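Participant: got a structure for you, letters missing:
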């Protein structure tokens, strides 16, 4: 009884400084789990050729995903708003910190995110793998923030501490002109990146996180209802998946500051390319711009370009609706 009483007394005299020290200790332990190095980065600036057929964009690149050789770029290292391309950094950091079967509780902060969302409610639970699927496929802000807020409490005091670890991860892999303050990519003056850094983040995800690469290559996933959450349909909103040959990832996005953006990976005849588009004016122009860049890149390896006019984007958009209505 005496020992129990002493423990209670010690606990009651903990100061704010003690709690802060404990949180910092957890945060440092979390940083020690972070993987990655600076062995890969984009090489060069590309041809500089004027592409007459590409829709108007703010910045972009197409490069060799293995060597890093830049085939074409525009404003490669200019500061840009990354929108939901941010989520790639969120999910790979989360995988460093927790197992895919880790249960995440949906916070009120996560449940109150603005669209795009899947409709999570506070108190519901998702596994990390389920939340990543929603974040990558449908760009769900509520699922993404559930990752940040839940794991943030495991490593510190919440989302802000999780973002500190994300930024540590970015520095470690060489994305040094990037700073993220939100898990989702919603616009903020202190939330920014470059096309150069986004290529590094994409390469890290596709090369070292097979679960993320597998999710990004799926046209649809279904999260069946269970005691923790209802049914969720997750169509992949990457419209080039299944319409442009060889496309196998990665992420799309939109905000007012960023415009329409995407990171698209593709492999044809053994050549792996990555294109990034920032600032397209519409969904269609974003897809056409990415396809144009991939065509340009593949042509440099004597691989026949795919006729952009044959992209069946309307059918792809209709597939999203079918997946929402026919599988339930």
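Facilitator: Thanks, I have it. Computed from a predicted model, the values in this text were never measured in an experiment.

Participant: for the residue most central in space within the chain, what are its contacts?
Facilitator: For the chain, the residue nearest the mean C-alpha position is residue 88 (2.0 Å; Cα atoms, centre = their mean). Residue 88 sits next to 136, 201, 202, 205, 212, 250, 251, 263 when contact means Cβ atoms under 8 Å, 6 or more residues apart in numbering. Where you see a C-beta, it was placed from the backbone N, CA and C, and this is true even at glycine.

Participant: Now the two most distant members of the residues you listed.
Facilitator: Using Cβ to Cβ, the pair of the contacts of residue 88 lying farthest apart is 136 and 201, separated by 13.0 Å.

Participant: And the two? Which one has more around it.
Facilitator: residue 136 (33 against 25; other Cβ atoms under 10 Å).

Participant: which residues touch the more buried one?
Facilitator: 87, 88, 91, 212, 215, 216, 250, 251.

Participant: switch to 10 Å and redo it
Facilitator: 84, 87-88, 90-91, 143-144, 205, 211-216, 218, 221, 234, 236-238, 249-252 (Cβ atoms under 10 Å, 6 or more residues apart in numbering).

Participant: how about the contacts of residue 88 in a markdown table, adding pLDDT?
Facilitator: Below are the contacts of residue 88 laid out as a markdown table (pLDDT from 0 to 100):
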| residue | pLDDT |
| --- | --- |
| 136 | 98 |
| 201 | 98 |
| 202 | 98 |
| 205 | 98 |
| 212 | 98 |
| 250 | 98 |
| 251 | 98 |
| 263 | 98 |
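
Participant: Mind checking which of the residues you listed land in helices?
Facilitator: Of the positions in the contacts of residue 88, 136, 201, 202, 205, 212 sit in helices, assigned by DSSP state H.

Participant: Could I get the average pLDDT for the helix or strand that contains residue 63?
Facilitator: Here residue 63 is covered by strand 59-64, with elements defined by DSSP states H and E. Looking at strand 59-64 alone, the average pLDDT works out to 98.

Participant: neighbouring strands for it, and are they parallel or not?
Facilitator: Paired strands of strand 59-64, with direction, are strand 70-74 (antiparallel), strand 271-280 (antiparallel) (DSSP bridges).

Participant: How far away from the center of its chain is that strand?
Facilitator: 17 Å (Cα atoms, centre = their mean, to the nearest Å).

Participant: Might one say that residue 174 is in contact with residue 194?
Facilitator: No. Residue 174 lies out of contact with residue 194 (Cβ atoms under 10 Å); the separation is 11.7 Å.

Participant: what touches both of these two?
Facilitator: In contact with both residue 174 and residue 194: residue 200, using Cβ under 10 Å, 6+ apart.

Participant: need the strands for the stretch 1-150 of the chain, in chain order.
Facilitator: 59-64, 70-74, 103-105, 125-127 (DSSP state E, counting those that start in this stretch).

Participant: Dump those strands into TSV; add mean neighbour count and distance to residue 36 as well.
Facilitator: Converted to TSV, those look like this (neighbours: other Cβ atoms under 10 Å; distance: least, Cβ to Cβ, whole Å):
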stretch	mean neighbour count	distance to residue 36
strand 59-64	25	19
strand 70-74	22	21
strand 103-105	17	23
strand 125-127	21	23
